[in-house]
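Colleague: Mind folding the following:
(2 chains)
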Amino acid sequence: MDIQHLIKQKPYERIIHVLRRHPLTFFPELLLFVVLAFVPVVLGFLANATFPIILTHAVWFPIFILGSSAYYIAILVFFFTQFIDFYLDMWVVTNDRIIDVEQFGLFARTISELDLFRIQDVTSDVHGFFHTLFKFGDVTVKTASDNKSIVFRNVKGPNKIREDLITLSHEDRKYHSPDTEDALVDNS
Amino acid sequence: MPLSFSIPLYLFLIIYLVFFAIVAIFVAINIYHIFLSASFHLPSLVITVFVLSSQLLIILVTFYLLRDVSWGETVFTFSLPFSFQ
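Modeller: Below is the predicted model of the structure:
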């Protein structure tokens, strides 16, 4: 499947941005995986130092190996699921709308969209040392109704995205002003 | 005569294989999500290859280390001080 099918792209629609979270925001999960990967190694050294018989015993050695193997397989699948959670969150900006695709764990996903001409307020927020250094942050898009907003979390170049969204919103309003809509109805 | 029963070593192997089958389903669901959300790009490809090849390597190393194990060994034997007679 491609992005065009995922968002059910309309004939007149152009994809302007496909945004994902900055790769640096995945670093804590990566670090956790590396730390967890060393646990059986440390346990192996401790077992060798305190109960060396475990590593040669006819029964305890295979149990230790099976346990360590299961542990590594489990942390790999945990890491993979964390990556899916991180990478499958995306925001697609077209010249007509914003599509927000959010993955929550393994079995939950929400897709919502917002028409550009309804945008009332766009805010970019770069907050923190690494965010400032690597130029990533949040972009909050609000509509006139208070309950509808989309947040692009930890995306690269939030200020540029905010400016693009404001420009696109102004352009899209031209096609949705009452006069234009009446003209379109008359022509059809 | 007291009642006794034992836990053989191969039971741990069976539990391990069942666990591996469950994990394989989880990995398959993750890959399906990547396809479904049109996200098969270089980063997801690299991570997928890394996870799959690491799991394959873990399985191969595990079975290499356990190649000479006698799975019929008894791990525990429980004895109850009574019998059902």
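
Colleague: Can you list the low-confidence ranges for chain A?
Modeller: Applying pLDDT under 70 to chain A picks out residues A:146, A:178-188.

Colleague: for chain B, what are the nearby residues on it?
Modeller: Residues of chain A found near chain B (Cβ under 8 Å from any Cβ of the partner chain) are A:1-3, A:5-6, A:23, A:58-59, A:61-63, A:65-66, A:69-70, A:72-74, A:76-77, A:79-81, A:83-84, A:87-88, A:90, A:101, A:103, A:106-107, A:109. Quick note: C-beta positions are derived from backbone N, CA and C, even for glycine.

Colleague: List only those of these flagged as buried.
Modeller: A:3, A:6, A:59, A:61-63, A:65-66, A:69-70, A:72-73, A:76-77, A:79-81, A:83-84, A:87-88, A:90, A:101, A:103 (16 or more other Cβ atoms under 10 Å in any protein chain shown).

Colleague: quick one: which of those residues sit in strands?
Modeller: Here DSSP state E is the test, and these give A:90, A:101, A:103 as lying in strands.

Colleague: I figured the second one hits residue A:150, correct?
Modeller: No - under the criterion of Cβ atoms under 8 Å, residue A:101 is not in contact with residue A:150, lying 10.7 Å apart.

Colleague: what touches both of those two?
Modeller: residue A:91 (Cβ atoms under 8 Å, 6 or more residues apart in numbering or on different chains).

Colleague: Now do residue B:73, the pLDDT please.
Modeller: Among the per-residue scores, residue B:73 holds a pLDDT of 83.

Colleague: Check residue B:6 too.
Modeller: On pLDDT, residue B:6 comes in at 83.

Colleague: chain center to the helix or strand it falls within: distance?
Modeller: Using DSSP states H and E, residue B:6 sits in strand B:3-8. The chain centroid and the centroid of strand B:3-8 are separated by 23 Å, computed with Cα atoms, centre = their mean, to the nearest Å.

Colleague: What of stretch B:44-58?
Modeller: Here stretch B:44-58 is found 17 Å from its chain centre; the criterion is Cα atoms, centre = their mean.

Colleague: Sort out which residues of that stretch are buried, please.
Modeller: B:44, B:47, B:48, B:51, B:54, B:55, B:58.

Colleague: Filter the buried ones among the residues of chain A next to chain B down to the ones in helices?
Modeller: Among those, the members found in helices (DSSP state H) are A:3, A:6, A:61-63, A:65-66, A:69-70, A:72-73, A:76-77, A:79-81, A:83-84, A:87.

Colleague: export the buried residues of stretch B:44-58 to TSV and tack on pLDDT, secondary structure and distance to chain A?
Modeller: Output for those, formatted as TSV (pLDDT from 0 to 100; DSSP: H, G, I helix; E, B strand; the rest coil; distance: Cβ to the nearest Cβ, whole Å):
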residue	pLDDT	secondary structure	distance to chain A
B:44	91	helix	6
B:47	93	helix	5
B:48	94	helix	8
B:51	94	helix	5
B:54	95	helix	6
B:55	94	helix	6
B:58	94	helix	5
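
Colleague: Since that was my last question, I'll sign off now.
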